[in-house]
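Colleague: sequence isn't available, so here's the structure alone:
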Ligand code: DLL
């Protein structure tokens, strides 16, 4: 039996409310139209890079290529990669395609050693970024009128200001908290009635922990959505945060060399992979050893080309991020491909007795184990000719701290890691609070191996 008209109308209204989109036409563009748009925009973007950035012009000329030669998206494969090392060699402004006076903002990546990579934005770039962040936030379930508690760091890091401008563009009420001062974060999260928390997943856990210590039950607060990213995190971590905070933890991706946050975002309907906004970027995966382009579905290093950036057009930027791309239909109706969960960065891969392992694999196996808190660090040392790993963990605060229990937990974790990840590691159990907490990107690895010069 058909539902009565009023019920039907109500159901339709509910579906439309659920399917709220920031840019509905473009988010659901048929794939052949996306590709046609990409080709048009790629021509203009290559032209911008060729005409205005000597680095790109020299590389294209060396490959016997001129932007007018581009016939299909496949031709991109013949073009040069841009590496982080190229950005550093061109420090600070040599990759910019616009004079400095046309830039209204600079950001820079932290960079653990030496010089940072610098990103510049024209007014139009900031406008595009705000739109893409607003689109990403809506995709994750955030709505105009929501209170967004933004605990990403404000400053040279793109997280704080990126989410801030996107939230304002969407019509949300943004609380510019930045990272740190965790007790105060808990207080204002509650008092301002935030529906949304934005920060790194590791900082979300630190906030949850402080709230629990203060006797504040965030599961009873108005929080419903967490928009987390800027560092690799696992499905186990997602479950842990969701249970502890009583919200849906959504994944947000981006990098400063390409834009900042808002390059890709998960949708609330599927929560299964990040929709990469293909009207502004071309995504590829390559074999990191050979540089050969891989098919969709194959695991490799993601490479991104910008289509609309004015100040910093980027050609085939090697992100170092390891993932798979999927063009399978998504139940949300969006047609843009999905970047599956990023397992880690090329540079973070450890080789322990011949076994390749990413910190996020250890995290996936560790988080959620009985009596173990979701905080960890991996310490890597050289013992003779072999690399040796110690996993530092904490026991959960509510369990009794006896030497016997610590020994029991260490043995259980060692066995579990060996069977789940395939590596032998020592396990060092620490007391609650002993593993450093971070207000931004967590430091997961302490590498004590001698540096090769
Ligand atoms: O982390 C931009 C950002 C801010 C993204 C806030 C999401 C939220 P960078 O500091 O340049 O930019 O670092 C970029 O962080 O290449 C990845 O290795 C990692 N990363 C970012 N998002 C994710 C994610 C910002 N969702 C680098 N999952 C990237 C895994 C991520 N890794």
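Modeller: Noted; the coordinates are in hand. Here the structure is a predicted model, which is why all the values come from computation and not from measurement. Numbers count the residues shown, from 1 in each chain.
Colleague: was I right to think residue 267 contacts residue 330?
Modeller: Yes: contact criterion Cβ atoms under 8 Å: residue 267 and residue 330 qualify, at 6.6 Å. (C-beta placed from N, C-alpha, C; glycine too.)
Colleague: looking at the biggest strand by length in the chain now, give me its mean pLDDT.
Modeller: The residue-count maximum for a strand in the chain (DSSP state E) belongs to strand 372-383. Mean per-residue pLDDT for strand 372-383: 95.
Colleague: is it true that residue 216 touches residue 186?
Modeller: Yes: using Cβ under 8 Å, residue 216 is in contact with residue 186, at 5.5 Å.
Colleague: those two: which is more packed in?
Modeller: Using other Cβ atoms under 10 Å as the criterion, residue 216 and residue 186 rank with residue 186 on top: 21 against 17.
Colleague: give the helix, strand or coil label for residue 107.
Modeller: strand (DSSP: H, G, I helix; E, B strand; the rest coil).
Colleague: list the contacts for it?
Modeller: Taking Cβ atoms under 8 Å, 6 or more residues apart in numbering, we find residue 107 in contact with 118-119, 121, 156-158, 161, 256, 260.
Colleague: gap between the longest strand of the chain and the chain center?
Modeller: Between the centre of strand 372-383 and the centre of its chain there are 22 Å (Cα atoms, centre = their mean, to the nearest Å).
Colleague: elements contacting the helix or strand just after that strand?
Modeller: For strand 372-383, the following helix or strand on the C-terminal side (DSSP states H and E) is strand 386-395. Counting contacts by 3 or more Cβ pairs under 8 Å, 6 or more residues apart in numbering; DSSP states H and E, strand 386-395 packs against strand 350-352, helix 359-366, strand 372-383, helix 403-421, strand 426-430.
Colleague: which secondary structure element contains residue 285?
Modeller: Counting by DSSP H and E, residue 285 is part of strand 281-286.
Colleague: residues contacting that strand, please?
Modeller: Against strand 281-286 from outside (Cβ under 8 Å, 6+ apart): 38, 42, 73, 76-77, 258, 263, 276, 292-294, 296, 298-307, 316, 318, 323-325, 337, 339.
Colleague: so of the residues you listed, which ones are in strands?
Modeller: Secondary structure from DSSP E places 263, 276, 300-306, 318, 323, 325, 339 of the contacts of strand 281-286 in strands.
Colleague: residue 267 and residue 330: which is more packed in?
Modeller: Neighbours per residue (other Cβ under 10 Å) separate residue 267 from residue 330, with residue 267 holding more: 26 against 18.
Colleague: closest to residue 394 among the contacts of residue 107?
Modeller: Residue 394 has its nearest neighbour among those in residue 157, at 26.9 Å by Cβ to Cβ.
Colleague: list the contacts for the closest one?
Modeller: Per Cβ under 8 Å, 6+ apart, neighbours of residue 157: 107, 109-110, 256, 440.
Colleague: now with 7 Å, please.
Modeller: With contact taken as Cβ atoms under 7 Å, 6 or more residues apart in numbering, residue 157 is in contact with 110, 440.
Colleague: any part of stretch 445-453 near the ligand?
Modeller: No: Stretch 445-453 does not reach the ligand (Cβ under 6 Å from any ligand atom); its nearest approach is 13.4 Å.
Colleague: can you list contacts of that stretch?
Modeller: With contact meaning Cβ under 7 Å, 6+ apart, stretch 445-453 is reached by 348, 359, 377-382, 387.
Colleague: partner strands of the longest strand of the chain, with direction?
Modeller: Applying DSSP bridges to the sheet, strand 372-383 is found paired with strand 386-395 (antiparallel), strand 445-447 (parallel).
Colleague: what about the helices in this structure?
Modeller: Per DSSP state H, the chain has helices spanning 5-18, 24-27, 31-52, 54-62, 84-89, 123-139, 158-170, 182-191, 201-213, 235-245, 359-366, 403-421. These are given in chain order.
Colleague: what's the fourth one packed up against?
Modeller: I take that to be helix 54-62. Counting contacts by 3 or more Cβ pairs under 7 Å, 6 or more residues apart in numbering; DSSP states H and E, helix 54-62 is packed against helix 31-52.
Colleague: swap the cut-off to 10 Å and go again
Modeller: Judged by 3 or more Cβ pairs under 10 Å, 6 or more residues apart in numbering; DSSP states H and E, the packing partners of helix 54-62 are helix 31-52, helix 84-89.
Colleague: run the chain-centre distance for it.
Modeller: Distance of helix 54-62 from the chain centroid (Cα atoms, centre = their mean) equals 30 Å.
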